[in-house]
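Trainee: Sequence first, predicted model second:
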Amino acid sequence: MLTLLNLLSAVALLIWGTHIVRTGILRVYGSNLRRVISQNMARQPLAFIAGILVTAMVQSSNATAMLVTSFVGQGLMALTPALAIMLGADVGTALMARVLTFDLSWLSPLLIFLGVIFFLSRKQTRAGQLGRVGIGLGLIILALQLIVEAATPITTAQGVKVLFASLTGDILLDALIGALFAMVSYSSLAAVLLTATLAGAGVIGLPVAIGLVIGANIGSGL
């Protein structure tokens, strides 16, 4: 029970870390990100690149989707460049997930320490908000470490084996779970990171991981 609670708390920390990064970036560069999207929507390749950059910064394809939806709703953007931006957003999520799953354990305490100093000393300035982003990135890396540590003993628990075995081969159920998690956490990146970490720890197999990632992308679109 304690191990399961540790895993759930690590997942919560991962979600919170992505939330802190997203809100910090939007507070500092929110208007600039909107300008990047609006200025690069005429050409599909530029729209695709803009989707990658914006999503990589805000750590959430959901946030990018909200910006694109607002432009489409106001008649400022056609459907084709909007789809190109969202495709770039999915690629941006995949790239950030790959970077954050490297062994960056040495970087976590440094980011949190410096982030707290900047955030508390310059809370109302841009430097303070960037410190907030540093805290969030540090928490994401720390959460991934904790998930691996908590997931390892869980793999030997019979009840957990039965639970994850029930997901194997049912891609619709896996996709539904991935979509629900992405919607609840408001971050497909958090869902992808969690899936990659559990797959790396041997808790879930490749078919389940693929289904969860597909669902996470569907959830971000919803």
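Mentor: Received, thanks. Source: prediction; values computed, not measured. Numbering: from 1, shown residues only.
Trainee: Could you point out which residue ranges in this structure have low pLDDT?
Mentor: Residues of the chain that meet the criterion pLDDT under 70 lie in 1, 37-42, 58-60, 62-63, 76, 151-152, 154-169, 185-187, 220-222.
Trainee: centroid residue for it?
Mentor: residue 189 (1.9 Å; C-alpha atoms, centre = their mean).
Trainee: Next up, the contacts around the residue lying closest to residue 121 once chain neighbours are set aside.
Mentor: The shortest distance from residue 121 to any non-neighbouring residue, by C-beta to C-beta, 6 or more residues apart in numbering, is to residue 128 (7.4 Å). Quick note: C-beta positions are derived from backbone N, CA and C, even for glycine. By C-beta atoms under 8 Å, 6 or more residues apart in numbering, the contact set of residue 128 is 118, 119, 120, 121, 122.
Trainee: Please, which helix or strand holds residue 128?
Mentor: Residue 128 belongs to helix 126-154 when assigned by DSSP states H and E.
Trainee: Please identify the buried residues of that helix?
Mentor: By 16 or more other C-beta atoms under 10 Å, the buried positions in helix 126-154 come out as 128-144, 146-148, 150-151, 154.
Trainee: my read: residue 19 touches residue 133, true?
Mentor: No - with contacts counted by C-beta atoms under 8 Å, residue 19 stays clear of residue 133, the gap being 11.4 Å.
Trainee: Common neighbours of these two, please.
Mentor: Contacts common to residue 19 and residue 133, judged by C-beta under 8 Å, 6+ apart, are absent.
Trainee: Just give me the neighbour total for residue 78.
Mentor: Per other C-beta atoms under 10 Å, the neighbour tally for residue 78 reads 12.
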